[in-house]
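In: Sequence and predicted structure below; questions after.
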Amino acid sequence: MRTARAFTLIEMLVAAALLGLLLLTLNYFIFSMAEIWGHGAERRLFDQHVRAVTREVEGMLRKASLPPAPTEAPLFAREIRLDDGRRTTVLSFEQPEGSPRLPWRAVPLPDVVCSLVVQEGKGLMLYWHSRLEEDFDDSAPRAWAMSPFGTSLTYEYNEADGATWRTYDQLQRNAAGQSTLPARLRLGFTHGTMKTETVVMLPPIPGPLPHF
Amino acid sequence: MHGAPTSLRRNRGAVIVLVLVTVLLASFLLAAFLRRSGTELLADVRAAEMKQLRAEAYSALETTLAILADQRAVAGALHSPLEPWSDALADSGYVPGNGRVVEVLFEDESGKLPLATATETELQTLMEFAGIERNEAERQAAALHAWMREGGDETRSNFNAPDYSRNDPAYRIAKRPLRSWGELAAVAMDRPVFFDEGGRPTPEFAAFVREVSLHPFQKVNLNSAQAGVLTALGLGSAEVGALENHRVRPKSPGDLGVFRTMTEAGTVMGATVASDRFGTSIEVLRIMITARQGGVAYRLAVVISTGTGALAPRASAPPPQSSGGPTMAPAPERKMLNYPFAVLEIREDAEPFTPLSRPDL
């Protein structure tokens, strides 16, 4: 007559080991996901946002310099009136074809002149309006917030020796009082205690083909 | 037959259920984790791949331009994308790096109607060919012509000029040729013809755009021009029919049916073909390059002037300077390359073959 038997020691050890492994894996993923969805999500989303905004700025500047852009000055200095009434001279560029990404009220217009500004409390702003608008010369351009986390926009110039970089808050002028273009932009972003800076190379003045 | 006691079977069953539930939960969490982190990882990888594909596309472009320059030097001109140079990239031994695939296509822009110099009647005829009803085509052509011409906002006796000042924002006519097809949406049309209510291009838009070039040039290439363009430029049905028959008729090996001189064209189409409007060489050529790697594709569309009659490129307005604002220092003198072609347009990540989902994209 057979008697009912319990689990063997080996069976129990294997089961305990498997269960321990599964619990360990479970904990690992729970903590990993908590990091993604909880504590680390803020940092991750901030970094994503900064990368996306930087790519957008790079893309706009590159597009502004591609043919049929004006060969002499695809990027230029322009004095604009901000939405708080101040006037400032900032780096500007043109989008000859316009952009439907801009918040047009009706039909997107071509010949859009854009300017990049960082305003305290507002972030990185794109000021824009079309040359075809009847009040182009008289009215202030519209403001569009590219990033509420933008806190600084500085201009980096390569000195004559080619090895020294200097950073300025304003576009620099030469001895004749004319604005000169920097070689790159440095964008600063801040969200809470998180701070990041990115660098955008300005496209060279167009030649036969763009540099890449 | 004896089995295990009921309580033992229940215990073993409970353990199996517990293990299965745990495995299921772990699998679910693992899948969720991979999906979440995988998307972010994929986005970064795609961005890096696009940079490599961009470099590959420009490399292919440089090689293609070198081949075209050689061909032009040998033959004196480029006549048609049907000529052997259209396959020359593969024959040149160009091998894309790292498993990438490069495809190069050509489109003869000078086989289209140059919008910058087209008359109102020519535009109307072409619109009718695009499927637009005659009265509608007349209105559209007048509105488009008025948009592009100096003094186009002056009301003509038979045409009510659109009042753009009633729009939000109020704007004025451009008084210059269109710079992009998206700009067509800003030209007030009394009925939606080229874009529907949602701003999407219509089939008439696609048909019209296929036959019209935004780039100026002098002579329309008879090797590429289609019936709509030829008719718009005044050719009769006999000449157009003769040209179409010539294109489709069987040809001997090596005969591409490409005209190299107007005399050759005249033998097919008749001597009445005006040589001041038509030519047999490519003046403006669009090169479309697609570089692919895996599921990622990068598209580059470049328009070049071959230097045989293309007019000055579309001019952009000078940069605006506010009154009293600073002027810009002139760009430093640079040594320019003696490049074989003038690049009129570069469009990165272009979608040249499919109708645009939104104007200007």
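Out: Arrived safely.
In: Contacts only, for residue 172.
Out: The chain I'm using is chain A. A:155, A:157, A:179-180, A:182 (Cβ atoms under 8 Å, 6 or more residues apart in numbering or on different chains). Just so you know, the C-beta spots here come from the backbone N, C-alpha and C atoms, and that holds for glycine as well.
In: other chain: chain B
Out: A:132, A:134, B:153, B:164-165.
In: which stretches of the stretch 201-350 of chain B form strands?
Out: Secondary structure of the stretch 201-350 of chain B (DSSP state E, counting those that start in this stretch): strands at B:212-213, B:220-221, B:278-279, B:284-293, B:296-305, B:342-348.
In: Ok, chain A next?
Out: Using DSSP state E, the strands found in chain A span residues A:75-81, A:87-95, A:112-119, A:123-130, A:142-147, A:150-158, A:165-168, A:184-191, A:194-201.
In: In a markdown table: those, plus mean neighbour count.
Out: Listed next are the strands of chain A as a markdown table, based on neighbours: other Cβ atoms under 10 Å in any protein chain shown:
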| stretch | mean neighbour count |
| --- | --- |
| strand A:75-81 | 22 |
| strand A:87-95 | 20 |
| strand A:112-119 | 21 |
| strand A:123-130 | 22 |
| strand A:142-147 | 17 |
| strand A:150-158 | 18 |
| strand A:165-168 | 12 |
| strand A:184-191 | 18 |
| strand A:194-201 | 15 |
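In: now those strands in JSON lines, with distance to chain B?
Out: Below are these laid out as JSON lines (distance: least, Cβ to the nearest Cβ, whole Å):
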{"stretch": "strand A:75-81", "distance to chain B": "4"}
{"stretch": "strand A:87-95", "distance to chain B": "6"}
{"stretch": "strand A:112-119", "distance to chain B": "6"}
{"stretch": "strand A:123-130", "distance to chain B": "7"}
{"stretch": "strand A:142-147", "distance to chain B": "9"}
{"stretch": "strand A:150-158", "distance to chain B": "12"}
{"stretch": "strand A:165-168", "distance to chain B": "14"}
{"stretch": "strand A:184-191", "distance to chain B": "17"}
{"stretch": "strand A:194-201", "distance to chain B": "13"}
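In: What's the nearest residue in the stretch 151-300 of chain B when you look at chain A?
Out: Closest residue of the stretch 151-300 of chain B to chain A, Cβ to the nearest Cβ: B:Ser180 (3.9 Å).
In: Settle this for me: A:Ser152 is touching A:Gly188, isn't it.
Out: Yes: contact criterion Cβ atoms under 8 Å: A:Ser152 and A:Gly188 qualify, at 3.4 Å.
In: residues shared between the contacts of the two?
Out: In contact with both A:Ser152 and A:Gly188: A:118, A:197, using Cβ under 8 Å, 6+ apart.
In: before we move on, the earlier item: state the pair within the contacts of A:Gln172 that is farthest apart.
Out: Greatest spacing in the contacts of A:Gln172, by Cβ to Cβ: A:Tyr157 and A:Ser179 (11.6 Å).
In: Turn the strands of the stretch 201-350 of chain B into a markdown table, including distance to chain A, mean pLDDT and mean neighbour count.
Out: Formatted as a markdown table, the strands of the stretch 201-350 of chain B follow (distance: least, Cβ to the nearest Cβ, whole Å; pLDDT from 0 to 100; neighbours: other Cβ atoms under 10 Å in any protein chain shown):
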| stretch | distance to chain A | mean pLDDT | mean neighbour count |
| --- | --- | --- | --- |
| strand B:212-213 | 13 | 95 | 24 |
| strand B:220-221 | 21 | 95 | 24 |
| strand B:278-279 | 23 | 93 | 22 |
| strand B:284-293 | 12 | 94 | 22 |
| strand B:296-305 | 8 | 92 | 22 |
| strand B:342-348 | 4 | 89 | 21 |
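In: Tell me which of the ones you listed approaches B:Glu49 most closely.
Out: It is, among those and with distance given as Cβ to Cβ, strand B:296-305, at 4.9 Å.
In: So the residue of the stretch 151-300 of chain B closest to chain A versus A:Glu133, what's the distance?
Out: 17 Å (Cβ to Cβ, to the nearest Å).
In: Equivalent analysis for A:Gly150, please.
Out: 26 Å.
In: how many neighbours does B:Leu53 have?
Out: 23 (other Cβ atoms under 10 Å in any protein chain shown).
In: Leaving out chain neighbours, which residue sits closest to it?
Out: What sits nearest to B:Leu53 in space, not counting adjacent residues and going by Cβ to Cβ, 6 or more residues apart in numbering or on different chains, is B:Tyr298, at 3.6 Å.
In: Could you tell me which ranges of the stretch 101-250 of chain B sit under the pLDDT cut-off?
Out: Residue ranges of the stretch 101-250 of chain B with pLDDT under 70: B:151-159, B:189-191.
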